[in-house]
Each structure stands twice: as structure tokens, then as C-alpha cells.
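# What follows is a protein structure lacking sequence information:
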């Protein structure tokens, strides 16, 4: 018996859901990397470029290029840290925050549409399981 089958099936399902939801967020015409970075800035606030690169799992040169493109599009700006003027932070602009909010709403609507197609017991299972998985991920991140 293949003990990895349930985990693999779950992984495939998560990948399909994430892909579907991402494809339905179209505001701003952002790449996946730009969307992810903007979402992090929208949720967590300003970051040092090195912190943002680390959090997003990309190299600092790649993040620098991405931030430059996003800056030109008016989505982010570089600002001096209030506590240490030598430190430069990247923060979302008002336009960037609005794009972030619109994209989040688009993703939520896409998820709502597919969840509505499920049976009531399946809907309840999703509403319990997904937040539980998110909590487990957050707990794991908090420990590391």
C-alpha cells in the first residue's frame, strides 16, 4: 500500500486550487512574483529589500529588479526607515494597496465560486480544514 498517496493527492488538490485562484486574480496584470511580493507588503507592511527577498524565496538581485519594475508601475516605493535613516524599506503605495485589495477580492470570489459547487458537508469540511492547515503553517513558521 502506498502511504504517500493521500499526501500526494492533497498536494495535487492544493496546487490546483492555488493555480485556479491565482489565474482569477487579474487586476494589475502582475506576475506571480510581483503579486506575491505586493501581497506580503499589503499584509505585513514595509520590509527591507533583503527581508522581502528572503521571505519570497528569491535572490536579492532578482528582488531588486522586481521592486524596480513595481516602483515604475507605481505599486511600491522605497522609503527611509523612521528608526534608522540609513535603512531603506520597500512599502506598497496607495495604488499598490488598492491593487492588492482588488486581487484579494478576485481570489476570494474565485474560491467562493468553486466552494459553492460543493455539497454542504464538503463546504463545511473545506471551511474547517483550510484554516486548520493555515494555522499549522503559521505555527511551524513561528517556531523557526
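Good, I have the coordinates. Worth saying up front: this structure is predicted, and the values here are computed from it rather than measured.
# Doesn't residue 84 belong to a strand?
No. Residue 84 is assigned coil when assessed by DSSP: H, G, I helix; E, B strand; the rest coil, not a strand.
# Contact partners for residue 36?
Counting by C-beta atoms under 8 Å, 6 or more residues apart in numbering, residue 36 makes contact with residue 56. Quick note: C-beta positions are derived from backbone N, CA and C, even for glycine.
# That one is in what secondary structure piece?
For residue 36, the host element (DSSP states H and E) is helix 32-44.
# per-residue confidence at the nearest residue to residue 70 once chain neighbours are set aside?
Computed as C-beta to C-beta, 6 or more residues apart in numbering, the closest residue to residue 70 that is not its neighbour in sequence is residue 76, at 4.6 Å. With respect to pLDDT, residue 76 scores 98.
# Tell me the bridge partners for residue 76.
residue 92 (DSSP bridges).
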